[in-house]
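[1] below: sequence and its predicted model.
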Amino acid sequence: MEYTIDELMAVTMARLIKDGDVVFHGVASPLPMVASRLAKLTHAPNSVYFAGTGGAMNPTPPFLPTMTQDAVLFEGAEAILTVDYIFNLAARGEMDVMYFSGGQIDKYGNLNNSLIGGIDDIKVKLPGGAGGANLSCEVNKFIIWTTRHRKRVSSSGREIYTLVDKVDFITSTGFYQGGDSREKLGIHGGGPYKVVTELCVFGFDEKSKIMKLETVHPDVTVEDILENTMFTPVVPDEVGVTSHPTEEELEILRNEVDPTGIRKLEFPKDELKRKFEI
Amino acid sequence: MEYTIDELMAVTMARLIKDGDVVFHGVASPLPMVASRLAKLTHAPNSVYFAGTGGAMNPTPPFLPTMTQDAVLFEGAEAILTVDYIFNLAARGEMDVMYFSGGQIDKYGNLNNSLIGGIDDIKVKLPGGAGGANLSCEVNKFIIWTTRHRKRVSSSGREIYTLVDKVDFITSTGFYQGGDSREKLGIHGGGPYKVVTELCVFGFDEKSKIMKLETVHPDVTVEDILENTMFTPVVPDEVGVTSHPTEEELEILRNEVDPTGIRKLEFPKDELKRKFEI
Amino acid sequence: MGVFPESDKKMSLEDAAKLVKDGDIIAFGGALSVREPIAFIRELIRQRVKDLHTVGTAHGFDIDLAVGGGIVKYVQNTYVGFEFDFGLAPNFRRAVEKGEVISKEDGCNSLIYGLRAAALGVPFLPHLNFETSDIMKLHPEFKKFKCPITGQTLIAIPALEPDVTVLHARIADKKGNTIISKPYVADILMARASKKVVVTAEKVVDRLDREPHIPYFEVTAVVEVPYGAHPTALYPDYTYDKDHMGEYVRLARDPDNFQQYLDKYVFGPKSHEEYLELIDIEKITNWKTW
Amino acid sequence: MGVFPESDKKMSLEDAAKLVKDGDIIAFGGALSVREPIAFIRELIRQRVKDLHTVGTAHGFDIDLAVGGGIVKYVQNTYVGFEFDFGLAPNFRRAVEKGEVISKEDGCNSLIYGLRAAALGVPFLPHLNFETSDIMKLHPEFKKFKCPITGQTLIAIPALEPDVTVLHARIADKKGNTIISKPYVADILMARASKKVVVTAEKVVDRLDREPHIPYFEVTAVVEVPYGAHPTALYPDYTYDKDHMGEYVRLARDPDNFQQYLDKYVFGPKSHEEYLELIDIEKITNWKTW
């Protein structure tokens, strides 16, 4: 059975949810939306899913929308809660899993969703981090995802990385300056848990809190990771290969969770040409 | 047209509400309940009335109940708000008028709803001040009422006053220790505004903040007030007589607001024998 | 402060009551004459739980019965009484005056701020200054501090996280999604602030067909107890039982007589069904006619 | 923070827009693609209000249009964009990069704490520590302080009291009692926190027959504006107009082209009715079929 990178990422992200977890995602989050629903329809039926800031609790949408306030995301919901209530869950230590992305992601898992350049010299204004600035300091764990791990070359010939040594602006807090710097300041929550990209899965080194390569996707080498990452991640002697989705997961993903394929929207077209085989 | 003391007090208390005022009363408050409704049906149609902690906004009960969570108090309400929301109005400076009573009321309008005796030597546990402790430090003005101004003699022959020199316990804060002592501590709200009893109406002396006699009820003398009040109130040279209710007020009070007469429940039987004539 | 994702939480009154431990901070839903979880409190008395610390705004029958039943040590409610129906709460008053129960009387808003701090997940909330009230003396945990923004004096109310909240609801599903009924009083906030939430409900269904007031994951246990608020009201299904409350208050004024009440209504019935046989259901359900 | 007890607050869009003053802090209800008060914003642009300071969580069309229309100086929203439909917000991005508009990007929860402090009537609320976020650098008004209860570091978020909140609702009565529609997002909180509240509604009736989400006394003005959220959605009556938004974003990427958009949709129509003639109502109301 053939499958594609969007499916590998969605399944990999879904498997990070444990049954009974409280799960929330924010704005502009097709893959988290897909992953959260998929987990609930497969191995985590008792997860508590909040579908974006619209506040739908455990909706059963027939397909997933491109905008997170779309009514389809409210279909079948057991309740519609207000956004402030959902945020309270995080401060109370009751939000288990969130997903954050970033225009820049640094080696400690700090995320920049705000601006490229400096506060007084903004080159690119990004849309903003929404809940991330606060929630990254509250949620039990957060999963970082990006579909732009691969470096690009700008029109001026400069190499552009998403995974950078240092973000221009910390919107959401990862392990801050590494080591125990986050903990020492009394920041709540467990910080970043995993980083899932179109190339690999990272965890974090226990002591330095620098990203640590865990698995590469089936068509990717460790060399590819080093090539596309601005900093040097921790690379253990043995790096595994990311597990394939099961046929059941793919069926449910394609037919029940995301029949219209919003998961593909996050990817540059070329990435979607990558084919994998179970 | 003949009327009784319960009617004089209810009308006097109602007239203290201005049109457009936001008005709230708490638990165990027959006269405030009657006064609030009466004001709304007479001179203050645009007052915003919250009927006790049940949170009914502008209800139109066909009669008034003896318990403030009784469903009749919700009839016709435009909304039922939660109790925490109503309290917020006071802190926001949006609650214009509340009514508080007390087992003891001192010369500065401090109220005791908590205990007779001392904290470590409780002779009588009173039911408690409910919202008063906080709200008396927030609401724009509060009206104190009591139907027990007249001193009693205890079984042991001791004289018992409701209007005392010093309360055993300050539950709700009046003008605290008088003068600018309340203001100096940065306590919000305007403090007590008037005191309406079965004998008279007090205001407060502008400087000392001691109760100042304003009017005596038609069958009462200044001597009666001094006799039944433990402290010496400020008595101006001219003390007026409390205005009679109008016939219209009495009609609405008796027929529309309180046909079952809960306003009478607050009074010792003998007080209800007092008759007045318009 | 607790997440319960399970899909079937239905249990017996006996088992649900075992979730309450000696010394727990406990919040009862409802207020005064309405929607108090009285059947649950009778069960707590039968189980002889000890030293509970009750928190809540203005209450009446629930607290007085719990105190009379010997299961309470601290009362942090802001009012305990029967308003102008029957006045003072006899057991509560007697126990406090004797020193058997400690009154930690609170103000409604400071009590709510404590619950709200717990619901928000912050260690305290700043309340406008009320240092002039002697209520402060009953609460050494309330701290005066200087506002970091304005410099004004404020009172820090620490998070008040009940170990258990017990609510009586109109309808719940077995998963815990709960519809209470008006007036809501502070029930929703209590549920959010608590470690555990027990919902006793007039009716427990498989799945609620409307949006709940309280989402299921806040709820630890669901118990079906028809007329479970009696003698308090659950509108619009039934009103409070004024005659029963009158009998209660009369008996409670004397400790020996109150034992008769307990024997008849708490220890006598072998089940909630037997309790209901002692009650005039017709009278409280036809309340629209009085 | 304002009480409006009047019984008839119905007025025209023109008059309601005059309640907004140059430099006001303004909150728009809804979020992203839903229930934003766009008709009102078009009117603000026509009236050439200046230097508004917008506050809110994740928004899109409303803020980008207001910025493109030249009426905004500060944006305190937590996200401004079109998600995976159309990506970045062109006017917003360009104006910030040019320095014409100052981004005071906030976090959703700290933004909400500011509104909640105003709603509660307290000078600030304590937020769990997020000093590691550079969002703090954009908000010198947020102060680190030591918790008076636990000693931990907290962030004091000062009360954020909008001068005006503008909500688009499903139905309101002329007195101001308002039913919004799902999702509620932060509308109810915004209304509570604000000095003035303008409700534009699909329909204004004499008296609402159900309980409002927002009680009338919080509401300053009520305006009947059918399809007043277009091109954002008001469920279940109509969905967002994806084609219109696509056209908008395409034009907005170039300032000259954007002027065409303004001329056609903002300055062109002589009335809201004329605006509606430019819109394919059939398409957005038959949304269940797409």
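    Good, I have the coordinates.
[2] can you pull out the low-pLDDT segments for the stretch 151-290 of chain C?
    Along the stretch 151-290 of chain C, segments meeting pLDDT under 70 span C:287-290.
[3] for the stretch 51-200 of chain C, which residues are neighbours of chain D?
    When proximity is defined as CB under 8 Å from any CB of the partner chain, the stretch 51-200 of chain C approaches chain D at C:121-128, C:141, C:143, C:145, C:147-150, C:152, C:154, C:156, C:158. Backbone N, C-alpha and C define where each C-beta goes, glycine included.
[4] tell me, how many residues neighbour residue 91?
    No chain specified, so I'll use chain A. 23 (other CB atoms under 10 Å in any protein chain shown).
[5] let's do chain C instead
    Neighbours around C:Asn91, by other CB under 10 Å: 26.
[6] helix/strand/coil for it?
    What DSSP: H, G, I helix; E, B strand; the rest coil gives for C:Asn91 is helix.
[7] what subset of the residues of the stretch 51-200 of chain C next to chain D is buried?
    C:121-128, C:143, C:145, C:147-149, C:154, C:156, C:158 (16 or more other CB atoms under 10 Å in any protein chain shown).
[8] quick one: contacts of the helix or strand harbouring C:Glu274?
    Using DSSP states H and E, C:Glu274 falls within helix C:272-277. Contact partners of helix C:272-277, identified using CB atoms under 8 Å, 6 or more residues apart in numbering or on different chains, comprise C:13, C:39, C:42, C:225-228, C:230, C:265, C:268-269.
[9] pretty sure A:Ile122 contacts D:Val96?
    Yes - using CB atoms under 8 Å, A:Ile122 is in contact with D:Val96, at 6.0 Å.
[10] for those two, list the residues in contact with both.
    Among the neighbours of A:Ile122, those also in contact with D:Val96 (CB under 8 Å, 6+ apart) are D:Ser103.
[11] for chain A, state which of the buried ones among the residues of the stretch 51-200 of chain C next to chain D is nearest.
    Chain A has its nearest neighbour among those in C:Gly121, at 3.1 Å by CB to the nearest CB.
[12] returning to what we had before: got CSV for the contacts of helix C:272-277, with distance to chain D and secondary structure too?
    Compiled in CSV, the contacts of helix C:272-277 are given as follows (distance: CB to the nearest CB, whole Å; DSSP: H, G, I helix; E, B strand; the rest coil):
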residue, distance to chain D, secondary structure
C:Leu13, 33, helix
C:Ala39, 29, helix
C:Arg42, 34, helix
C:Val225, 28, coil
C:Pro226, 27, coil
C:Tyr227, 27, coil
C:Gly228, 26, coil
C:His230, 27, coil
C:Tyr265, 36, helix
C:Gly268, 42, coil
C:Pro269, 38, coil
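[13] now for the longest helix along chain C, which elements pack on it?
    Longest helix in chain C by number of residues, with DSSP state H as the criterion: helix C:108-120. Secondary-structure packing of helix C:108-120 (3 or more CB pairs under 8 Å, 6 or more residues apart in numbering or on different chains; DSSP states H and E): helix A:83-91, helix B:83-91, helix B:132-135, strand C:52-55, strand C:124-128, strand C:153-158, helix C:187-193.
[14] most packed of those?
    Mean neighbour count (mean count of other CB atoms under 10 Å in any protein chain shown) peaks for helix B:132-135 among the helices and strands packed on helix C:108-120, with a mean of 31.
[15] hmm, that helix in reach of chain C?
    Yes - Helix B:132-135 is in contact with chain C by CB under 8 Å from any CB, via B:132-135.
[16] can you show me the CA trace of that helix as PDB?
    Below are the C-alpha coordinates for helix B:132-135, written out as PDB (Å, rounded to 0.1, in the frame of the first residue of the first chain):
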ATOM      1  CA  GLY B 132     -21.700  42.200  52.400                       C
ATOM      2  CA  ALA B 133     -18.100  42.000  53.500                       C
ATOM      3  CA  ASN B 134     -16.800  42.500  50.000                       C
ATOM      4  CA  LEU B 135     -19.700  44.400  48.400                       C
END
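[17] mean confidence for that helix?
    Helix B:132-135 shows a mean pLDDT of 98.
[18] what's that helix in contact with?
    Helix B:132-135 is contacted by residues B:26, B:87, B:90, B:95, B:98, B:100, B:111, B:113, B:142, B:171-173, C:78, C:106-110, C:127-128, C:130, C:133, C:135 when judged by CB under 8 Å, 6+ apart.
[19] what about it, distance to the chain center?
    Distance of helix B:132-135 from its chain centroid, counting by CA atoms, centre = their mean, to the nearest Å, is 14 Å.
[20] likewise stretch C:167-175?
    So, by CA atoms, centre = their mean, the centroid of stretch C:167-175 is 15 Å from its chain's centroid.
[21] now swap in stretch C:252-259 and tell me
    22 Å.
[22] and stretch C:80-93, by the same measure?
    16 Å.
[23] contacts for it, please.
    Counting by CB under 8 Å, 6+ apart, B:27-28, B:30, B:66-68, B:124-128, B:262, B:265-266, C:32-33, C:58-61, C:63-65, C:67-68, C:75, C:101, C:242, C:245-246, C:249, C:252-253, C:258 sit against stretch C:80-93.
[24] residues of that stretch that come out buried?
    Per 16+ other CB under 10 Å, stretch C:80-93 contains these buried residues: C:80-86, C:88-93.
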